[in-house]
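In: okay, structure incoming, though there's no sequence with it:
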């Protein structure tokens, strides 16, 4: 995918226009190179399956712990009655 840096705002943010018409504003420091207005870019997004798996496992663990806590609370309430 191709894009172009339309402008740099306040020396801190790059306004990037994609060939599709989409616009993205990023801190210049995230680009990792000296950015300038009119600069053409090749843009590629790649999935990070390792990070996605880690996040999914963390969420599943939190859900499991919350469910256990809810079940324990419900059981405790039943025993009190």
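Out: Ah, there it is. Predicted model only: the values in this text are computed from it and were never measured. Numbering: from 1, shown residues only.
In: show me the shaky parts of the protein.
Out: 81 (pLDDT under 70).
In: the strands in it, which residues?
Out: For the chain, strands defined by DSSP state E occupy the ranges 2-9, 13-18, 23-27, 40-42.
In: make CSV out of these and add mean neighbour count and distance to residue 79.
Out: All C-beta atoms are positioned from the backbone trio N, CA, C, and that covers glycine. Listed next are these as CSV, based on neighbours: other C-beta atoms under 10 Å; distance: least, C-beta to C-beta, whole Å:
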stretch, mean neighbour count, distance to residue 79
strand 2-9, 15, 62
strand 13-18, 17, 58
strand 23-27, 11, 55
strand 40-42, 11, 63
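In: for residue 64, find the nearest of the ones you listed.
Out: With C-beta to C-beta, the closest approach to residue 64 among those belongs to strand 23-27: 36.4 Å.
In: who touches the closest one?
Out: 3, 6, 9, 12, 13, 14, 15, 16, 17, 18 (C-beta atoms under 8 Å, 6 or more residues apart in numbering).
In: at 6 Å instead, please
Out: The contact list for strand 23-27 (C-beta atoms under 6 Å, 6 or more residues apart in numbering) reads 13, 14, 15, 16, 17.
In: same question for stretch 29-47.
Out: Contacts for stretch 29-47 (C-beta under 6 Å, 6+ apart): 1, 3, 4, 5, 7, 8, 14, 28.
In: reformat the residues you listed as JSON lines; add distance to residue 49.
Out: JSON lines is the format used below for these (distance: C-beta to C-beta, whole Å):
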{"residue": "1", "distance to residue 49": "21"}
{"residue": "3", "distance to residue 49": "25"}
{"residue": "4", "distance to residue 49": "30"}
{"residue": "5", "distance to residue 49": "30"}
{"residue": "7", "distance to residue 49": "35"}
{"residue": "8", "distance to residue 49": "33"}
{"residue": "14", "distance to residue 49": "28"}
{"residue": "28", "distance to residue 49": "29"}
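In: circling back: for residue 60, state which of the contacts of strand 23-27 is nearest.
Out: residue 16 (35.4 Å).
In: enumerate the beta-bridge partners assigned to the closest one.
Out: residue 5, residue 24 (DSSP bridges).
In: that one touches residue 3, doesn't it?
Out: Yes: if you go by C-beta atoms under 6 Å, residue 16 and residue 3 touch, sitting 5.0 Å apart.
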